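J.: Generate a structure from the sequence data that follows.
(one chain, ligands or ions: 1)
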Amino acid sequence: MNKYWSGLAQSLEPYVPGEQPRDKKYIKLNTNENPYGPSPRVLEATRAAVDDSLRLYPDPTCDMLISAAAESYGVSKDQIFAGNGSDEVLAFSFMAFFNPGKTIVFPNITYSFYPVYASLFRLDYVTTPLDSTFNIPSDQLMNSSGGIILANPNAPTGKALPLSAIRDVLAGNPDTVVIVDEAYIDYGGESALGLIDEYPNLLVIQTFSKSRALAGMRIGLAFGDKELICALESVKNSFNSYTLDRLAIIAGTAALRDKEYYRRTTEKVIKTREVFAGELRRRNFTVTDSAANFLFAAHKSVPGERIFTQLRERGILVRHFKMPLIENNLRISIGTDEEMAAVLAALDSILSE
Ligand SMILES: *Cc1c(COP(=O)(O)O)cnc(C)c1O
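T.: As a prediction, the model looks like this:
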């Protein structure tokens, strides 16, 4: 930092993503990537798109992707916005719907990018505490002056709120926007997407990084009333006309069209998750019921940080948050059955020391 930094740049505390190590090969279960990779049709379509047309700018409206999403989800095109990963869609949403001077509300334990965006856009926020079993107290998310954001299923707990609770939050904040971040929705939660015709204050955000195995392509979507989508487009077109590149638009479109592949791989992850949860419980872990592609678990006697470090030494990366209330928990992404067997073998060796 020096005198050339703006006051804003000096004030920032940036988000720290899970590491993408290059020193050696790890079993990488720290950023909730999909172990199965994108559909072969996605790879084929993307490869076929690498040609001379890359000299041209992409379609700024991402029409092909948005049409495919409209068809896939049964909503109209003007109810969909596409961005460079859902992180970007979230950032645009903070700009489009939240106002400095009005306080936004989110849970105290949730996706740690929310407070970072709030600071970047100089928004005030308060957090509501989860209960002792990591449930979001939805009755505390009422009458916010600035708006609400929540992840459903929540991160890093994996716990999902039922649709009835989302409805209550929407009805309890008729004058502000409620953003529901559904990054993990395909792994077992109830999507609020079907409510966008009913609630003009609802914005649902989804990503292609988890269940669609395209984290490297950076694709996110938002669904909501067309007035909300217009606001997002207005923000985007004041920032960067081409947030999705040509290959991302092609890959995302192909992914939306190969439902069968993604149904199958998502089911595999869910099955592995349930078996792995049972194995962790047998080893004296408290495991939160997860509707996501990861488990949030704490051992009853061994500190989380110690397990994290020892797993890392054994070539296994998981996520540990040095934060009050959850410092004993590990967030372990669900990989292949073989990867999870390796985690269990490593845990057995760590816990027997
Ligand atoms: C992974 C994740 C995102 C970010 O997704 P990208 O589309 O890769 O930017 C957003 N919200 C939550 C809760 C996530 O876990």
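J.: now do the same end-to-end measure for stretch 98-107.
T.: 17 Å (Cα to Cα, to the nearest Å).
J.: Could you give the backbone dihedrals for the residue nearest to residue 259 when sequence neighbours are not counted?
T.: Closest residue to residue 259 apart from its sequence neighbours, by Cβ to Cβ, 6 or more residues apart in numbering: residue 72 at 7.4 Å. (Glycine included, C-beta is placed from N, CA and C.) Main-chain torsions, residue 72, degrees, to the nearest 10: phi -60, psi -40.
J.: do you know how far residue 72 is from the ligand?
T.: 17 Å (Cβ to the nearest ligand atom, to the nearest Å).
J.: how far away is that residue from residue 208?
T.: 12 Å (Cβ to Cβ, to the nearest Å).
J.: Looking at those two, which has the bigger crowd around it?
T.: residue 208 (27 against 13; other Cβ atoms under 10 Å).
J.: taking the mean pLDDT, what do you get for stretch 223-242?
T.: Average pLDDT, stretch 223-242: 98.
J.: Secondary structure element holding the residue nearest to residue 75 when sequence neighbours are not counted?
T.: Excluding its sequence neighbours, the residue lying closest to residue 75 (Cβ to Cβ, 6+ apart) is residue 223, at 6.1 Å. Taking DSSP states H and E as the definition, residue 223 sits inside strand 220-224.
J.: Which strands and helices lie in contact with that strand?
T.: Applying 3 or more Cβ pairs under 8 Å, 6 or more residues apart in numbering; DSSP states H and E, we find strand 220-224 packed against strand 80-83, helix 85-97, strand 202-207, helix 226-236.
J.: Kindly recompute the last result at 10 Å.
T.: For strand 220-224, the elements it packs on are helix 63-73, strand 80-83, helix 85-97, strand 178-181, strand 202-207, helix 226-236, helix 246-257, judged by 3 or more Cβ pairs under 10 Å, 6 or more residues apart in numbering; DSSP states H and E.
J.: Out of the ones you listed, which one sits most buried?
T.: Of all the helices and strands packed on strand 220-224, strand 178-181 carries the top mean neighbour count, a mean of 27, counting by mean count of other Cβ atoms under 10 Å.
J.: overlap in contacts of residue 72 and residue 208?
T.: Counting by Cβ atoms under 10 Å, 6 or more residues apart in numbering, the contacts common to residue 72 and residue 208 are 255-256.
J.: separation between residue 119 and residue 14?
T.: 9 Å.
J.: between the two, who's got more neighbours?
T.: residue 119 (15 against 9).
J.: Residues contacting the helix or strand hosting the more buried one, please?
T.: According to DSSP H and E, residue 119 maps onto helix 113-120. Contact with helix 113-120 is made by 8-9, 11-17, 86-87, 90-95, 98, 103-104, 106-108, 111, 123-125, 127, 146, 149-151, 155, 179, 181, as judged by Cβ under 10 Å, 6+ apart.
J.: Next: stretch 270-278.
T.: 35, 158, 186-188, 285, 287-295, 297, 332-341, 343-344.
J.: in that stretch, what counts as buried?
T.: Neighbour-count burial for stretch 270-278, counted by 16 or more other Cβ atoms under 10 Å, picks out 270, 272-273, 276-277.
J.: cool, and stretch 343-350?
T.: 343, 346-347, 350.
J.: average pLDDT across it?
T.: On average, stretch 343-350 scores 98.
J.: What of stretch 128-145?
T.: 94.
J.: how close does residue 45 get to the ligand?
T.: 20 Å.
J.: for that residue, what are its contacts?
T.: So residue 45 contacts 38-39, 247, 250-255, 257-258 (Cβ under 10 Å, 6+ apart).
J.: Need the per-residue pLDDT for residue 35.
T.: We have a pLDDT of 97 for residue 35.
J.: gap between it and residue 20?
T.: On the measure of Cβ to Cβ, residue 35 and residue 20 end up 15 Å apart.
J.: which one of these two has more residues nearby?
T.: Using other Cβ under 10 Å, the more surrounded residue of residue 35 and residue 20 is residue 35, with 21 against 11.
J.: element containing the closest residue to the more buried one other than its chain neighbours?
T.: In this structure, residue 35 finds its nearest non-sequential neighbour in residue 335, 4.3 Å apart by Cβ to Cβ, 6+ apart. Assigned by DSSP H and E, residue 335 falls within no helix or strand.
J.: quick one: stretch 175-193 to chain centroid distance?
T.: In this view, stretch 175-193 has its centroid 10 Å away from the chain centroid, taken as Cα atoms, centre = their mean, to the nearest Å.
J.: Tabulate the buried residues of stretch 343-350 (a markdown table), appending secondary structure and distance to the ligand.
T.: Shown next, in a markdown table, are the buried residues of stretch 343-350 (DSSP: H, G, I helix; E, B strand; the rest coil; distance: Cβ to the nearest ligand atom, whole Å):
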| residue | secondary structure | distance to the ligand |
| --- | --- | --- |
| 343 | helix | 20 |
| 346 | helix | 24 |
| 347 | helix | 24 |
| 350 | helix | 26 |
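J.: which parts of the protein sit against the ligand?
T.: 32, 85-87, 111, 151, 155, 181, 183, 207, 209, 215, 220 (Cβ under 6 Å from any ligand atom).
J.: can you name the two of those that are farthest apart?
T.: Within the residues of the chain next to the ligand, 151 and 215 form the most distant pair, 16.6 Å apart (Cβ to Cβ).
J.: the more surrounded of those two?
T.: residue 151 (29 against 17).
J.: Map the structural domains onto the sequence of this structure.
T.: Using automatic domain parsing, the domain parsing of the chain gives 7-37+260-351, 40-258.
J.: quick one, which of those domains is packed in tightest?
T.: domain 40-258 (a mean of 19).
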